[in-house]
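**Student:** Here is a sequence with its predicted model. Questions after.
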Amino acid sequence: MKKWKYIKLITLAILFYSCSNPEENSSVEAMYFPPNNSSTWETKTITELGWNESQVQPLLDYLELKNTKSFMVLYNGRIVMENYFNGHTSSTPWYWASAGKTLTTTITGIAEEEGFININNKVSDYIGTGWTSATLAKENLITCKNLLTMTSGLDDTNDAIDPASLTYVADAGTRWAYHSVFFKLQDVIAQTTGQTWDNYFNLKLKTPIGMTGLWLQTITENVYWSNTRSMARFGLLSLNKGNWNGTQIVNQDFFTNSTTTSQNINLSYGYLWWLNGKTSYHLPSSQFQFNGSIIPSGPNDMFMALGLDDQKIYVVPSKKLVIIRMGNAADTQTAALSDFDEVLWQKINAVINP
């Protein structure tokens, strides 16, 4: 008799807890993925989420003041905010800049899963020797993983990636330096798959998740351009650890490694992804170590694709958020990381944490 009494009490407690915690109940709502080849995209309102509606306009005012062209917030895959500024529209393409590095990461993971490459193998195994000006012994130390983690040891004083510009500074793996040499991974992919980089990218990533856009070659870089929703689709794929509506686009273990500290020099860097909430970080064009988190106001589990002129993909698993910002440089600082991130997150927090 006493046993049944306890069971009834436990059952009542569970019912009370579930009824009194709507936020917990809402967490069971299925992740949403927008259909491909359609403008349809489910939405969620600020009111439905219990966010602070009075702080939305100050956020939008700040974004417009800071030369923003588009801003999107996804919660659990659904659009909560989608705003365009300064003549930009939902169909206007814009450049990802270095935020597009993470596209190269994803394709590298797919190519490895399909058996074309092994990221622990040296780059010269795939594109031949002489792709740098380093000695053969030093060049052969550089693996594909070194390119993913920015630890090639090659000179980073300019972004050119011709052999004459890729000179030896330190042994691979012993120095972190932000550099465009990672683009050599696109040559590796093209060589090993027997396809152009664009074709393999379109087949394995762009088409499966319904992105639009194209790669445009500059003197030193191959830059991706797309509309804002396409960037948000990639952010949603990333929130789901490489899974798109039940289809694993990129191996989950590879994706997890991509968004985890990849070396012991810059703790805030994975495989071309920036990581928040670490105890220290390095900035592009610097060998100085800064203590603390990159964006103190941002969530500790956030990982980020960051590009020149403040192109942003923020992914926050704990809050089921993907946040996109495209535009011109917010301030005079134009590097991938800027003070803009910190102030922007203070504004975002005022909305999502009432």
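**Tutor:** Sure, I can see it.

**Student:** As a check, name the ranges of all helices in the protein.
**Tutor:** 2-19, 22-26, 46-49, 56-65, 101-113, 124-127, 136-139, 144-149, 184-193, 197-201, 228-239, 252-258, 339-352 (DSSP state H).

**Student:** Output these as JSON lines; include the columns mean pLDDT, mean neighbour count and distance to L308.
**Tutor:** C-betas here are computed from N, CA, C, even on glycine. Listed next are those as JSON lines, based on pLDDT from 0 to 100; neighbours: other Cβ atoms under 10 Å; distance: least, Cβ to Cβ, whole Å:
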{"stretch": "helix 2-19", "mean pLDDT": "41", "mean neighbour count": "9", "distance to L308": "47"}
{"stretch": "helix 22-26", "mean pLDDT": "43", "mean neighbour count": "11", "distance to L308": "37"}
{"stretch": "helix 46-49", "mean pLDDT": "97", "mean neighbour count": "14", "distance to L308": "31"}
{"stretch": "helix 56-65", "mean pLDDT": "98", "mean neighbour count": "15", "distance to L308": "18"}
{"stretch": "helix 101-113", "mean pLDDT": "98", "mean neighbour count": "24", "distance to L308": "11"}
{"stretch": "helix 124-127", "mean pLDDT": "98", "mean neighbour count": "17", "distance to L308": "26"}
{"stretch": "helix 136-139", "mean pLDDT": "98", "mean neighbour count": "15", "distance to L308": "28"}
{"stretch": "helix 144-149", "mean pLDDT": "98", "mean neighbour count": "24", "distance to L308": "19"}
{"stretch": "helix 184-193", "mean pLDDT": "98", "mean neighbour count": "20", "distance to L308": "18"}
{"stretch": "helix 197-201", "mean pLDDT": "98", "mean neighbour count": "19", "distance to L308": "21"}
{"stretch": "helix 228-239", "mean pLDDT": "98", "mean neighbour count": "24", "distance to L308": "15"}
{"stretch": "helix 252-258", "mean pLDDT": "98", "mean neighbour count": "18", "distance to L308": "21"}
{"stretch": "helix 339-352", "mean pLDDT": "96", "mean neighbour count": "19", "distance to L308": "12"}
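
**Student:** so which of those helices gets nearest V73?
**Tutor:** Set against V73 and scored by Cβ to Cβ, those come closest in helix 339-352, at 8.0 Å.

**Student:** Go through the helices of the chain and name the closest to I294.
**Tutor:** helix 339-352 (7.4 Å).

**Student:** The residue lying closest to W41 once chain neighbours are set aside: neighbour count?
**Tutor:** Nearest in space to W41, with sequence neighbours left out and distances taken as Cβ to Cβ, 6 or more residues apart in numbering, is P34 at 4.3 Å. The tally of other residues near P34 (other Cβ atoms under 10 Å) stands at 20.

**Student:** One more: G270?
**Tutor:** Around G270 there are 23 residues (other Cβ under 10 Å).

**Student:** follow-up on the earlier one: does the residue nearest to W41 really touch T40, like I thought?
**Tutor:** Yes. Using Cβ atoms under 8 Å, P34 is in contact with T40, at 6.5 Å.

**Student:** ok, the residue nearest to S258 when sequence neighbours are not counted - contacts?
**Tutor:** Nearest residue to S258 in three dimensions, chain neighbours excluded: Y271, at 3.9 Å (Cβ to Cβ, 6+ apart). Under the criterion of Cβ atoms under 8 Å, 6 or more residues apart in numbering, the neighbours of Y271 are 105, 108, 145, 148-149, 257-259, 262.

**Student:** so how far is I352 from Y271?
**Tutor:** Using Cβ to Cβ, to the nearest Å, Y271 is found at 28 Å from I352.

**Student:** All good on my end, thank you.
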